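K.L.:
The sequence and its predicted three-dimensional model are supplied below.
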Amino acid sequence: MKSLLNHKFIGNIKVPGDKSITHRALMMAALAEGTSTIKSPLESDDTFRTSEIMSQLGVSITNEAGRMTVTSPGAENFRTPVDVLYTGNSGTTTRLLMGLLSGLGISATMEGDSSIAIRPMDRVSGPLGEMGADISWKDGRYPPIKIKPSSLNAIEYKMPVASAQVKSAILFAGLFADGETIIHEEFKSRDHTEIMLEQFGVDISVEGLTVKLQGNQSLKPRDVLVPGDISSAAFLMVLAAITEGSDILIEDVSLNETRSGIIDVFRQMNADIEVERTSTEGEAIGNVRVKHSESLSSYELSGDIIPRLIDEIPVLAVLGAFGSSPSVIKDAKELRFKETDRLRAVIDELSKFGIRFEEFDDGFIVHPLSEIKLTDNDFKGYHDHRIIMMLLVMGIAADKDINIDDPSAISISYPDFLEDMEQLKQAR
């Protein structure tokens, strides 16, 4: 990290493929009998877990030259896995597969790493249980998860919280259920699953905050282009906005409106940002350019924008510290249940730079940083990729060579993060 200090960051870059979309593309390609190609997927620890599990079910997956080729016998021909399905650190893999596996008529056991072992899964198991899924787990809510064959019936379900993972698990189960599955949301969560199911030939309808899916449908093989992950782009966007002389253009990144809340925040703060959409159908894709901003204001975030930027909140705390007045985040209690308690981790670690917070149960106020006062040079990453990259961005902005206990979790979503910043750096 030391080599990145006292630099500005200028140039064009492509960030890794969207993690959420890559997971879903692998699962849907596996369900479809035939061959599908996934172009520009994210190649990371999390997505490799999904790929390996699909292989255990009898799907052939090859990975070369920036694409994955998936050849599947079809969902009805999946084999019962001999070994435990290991999901690693991937909550998306774990939760989505609970729905997908429930209707396949096979037995399977899933478990993840120590982080997954303490992440509650009852938000997913509740509605799946209503559909008739036979699922058991530790202490009623934690992995390992055991799934047995069962017959599923469609349900009409009102989401208690905005969660794309829960919604997607229900939709995957709904593919194998008798009747029409109907989901009502209070706030719109990520809609990658709905978009991609339609791409794979599924009859699905979305009207406002209601999604309807008829059961007993088959998927058809398709080729999928994965855009860059805006959650990964967020770190470079904030780096450019707060680092003097910086100007970064991020190409071919996802502009899906259910994910692009960070762009709204940049505009709310009067940041120097330009957005150009380049795709015309399917997932929205485009280019985002951010330049250093001399006079950032502040933000107030709550309600329906939170699901659109939930993963970006750690690095948005850094952005808020460089604003002219206090910034506020509320309705983000879900962050208490990620890889770690991200709200607590953000406050504990960024406070070491002298940033002052007021903590709520569901968020915080971050006050402008008047002076950098490093109270501790040793930082915890919590084996959380977003906390680690947040700290790296803050360290560069503060021009401090900090020590992070274990930065290896970056490989979960952005393996080449440091290399990309080296590529963009220029002497001031």
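P.N.:
Yep, that arrived.
K.L.:
Strands of the stretch 201-350 of the chain, start to end?
P.N.:
Using DSSP state E, counting those that start in this stretch, the strands of the stretch 201-350 of the chain run over 204-207, 210-214, 224-225, 247-254, 272-277, 285-291, 300-301, 327-329.
K.L.:
Describe which strands the first one pairs with in its sheet and in which direction.
P.N.:
What it means is strand 204-207. Take DSSP bridges as the rule and strand 204-207 pairs in its sheet with strand 210-214 (antiparallel).
K.L.:
Could you give me the buried positions within the partner strand?
P.N.:
Across strand 210-214, burial judged by 16 or more other C-beta atoms under 10 Å covers V211, K212, L213, Q214. Just so you know, the C-beta spots here come from the backbone N, C-alpha and C atoms, and that holds for glycine as well.
K.L.:
With stretch 331-348 instead?
P.N.:
For stretch 331-348, the buried set under the neighbour-count rule, 16+ other C-beta under 10 Å, comprises 331-332, 334-335, 338-340, 342-343, 345-348.
K.L.:
Save these as TSV, and put in pLDDT and distance to G112 too.
P.N.:
Shown next, in TSV, are the buried residues of stretch 331-348 (pLDDT from 0 to 100; distance: C-beta to C-beta, whole Å):
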residue	pLDDT	distance to G112
D331	96	27
A332	95	23
E334	89	18
L335	92	19
K338	82	13
E339	78	11
T340	87	14
R342	96	18
L343	97	22
A345	97	19
V346	98	23
I347	98	26
D348	97	24
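K.L.:
can you tell me which of these are in helices?
P.N.:
R342, L343, A345, V346, I347, D348 (DSSP state H).
K.L.:
Can you convert the residues you listed into CSV and add a column each for distance to T50?
P.N.:
What follows is these, written out as CSV (distance: C-beta to C-beta, whole Å):
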residue, distance to T50
R342, 22
L343, 27
A345, 25
V346, 27
I347, 32
D348, 31
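K.L.:
Spatially, which two of these are the most separated?
P.N.:
Using C-beta to C-beta, the two most remote members of these are R342 and D348, lying 10.6 Å apart.
K.L.:
Neighbouring strands - and their directions - for the lowest-mean-pLDDT helix or strand in the chain?
P.N.:
The weakest-scoring helix or strand in the chain, judged by mean pLDDT, DSSP states H and E, is strand 134-138 (a mean of 90). Strand 134-138 pairs in its sheet with strand 142-148 (antiparallel), by DSSP bridges.
K.L.:
tell me which residues of the strand it pairs with are tucked away?
P.N.:
Within strand 142-148, the residues scored as buried using 16+ other C-beta under 10 Å are Y142, P143, P144, I145, K146, I147.
K.L.:
Next: stretch 216-227.
P.N.:
Q217, L219, P221, R222, V224, L225, V226, P227.
K.L.:
nearest to S114, of the residues you listed?
P.N.:
Of all the buried residues of stretch 216-227, V226 has the smallest distance to S114: 28.9 Å, by C-beta to C-beta.
K.L.:
Tell me which residues touch that closest one, please.
P.N.:
By C-beta atoms under 8 Å, 6 or more residues apart in numbering, the residues touching V226 are G17, D18, I21, T22, A25, I38, K39, S40, P41, L42.
K.L.:
My reading is that the fifth one is in a helix; is that accurate?
P.N.:
In other words, A25. Yes: the assignment for A25 (DSSP: H, G, I helix; E, B strand; the rest coil) places it in a helix.
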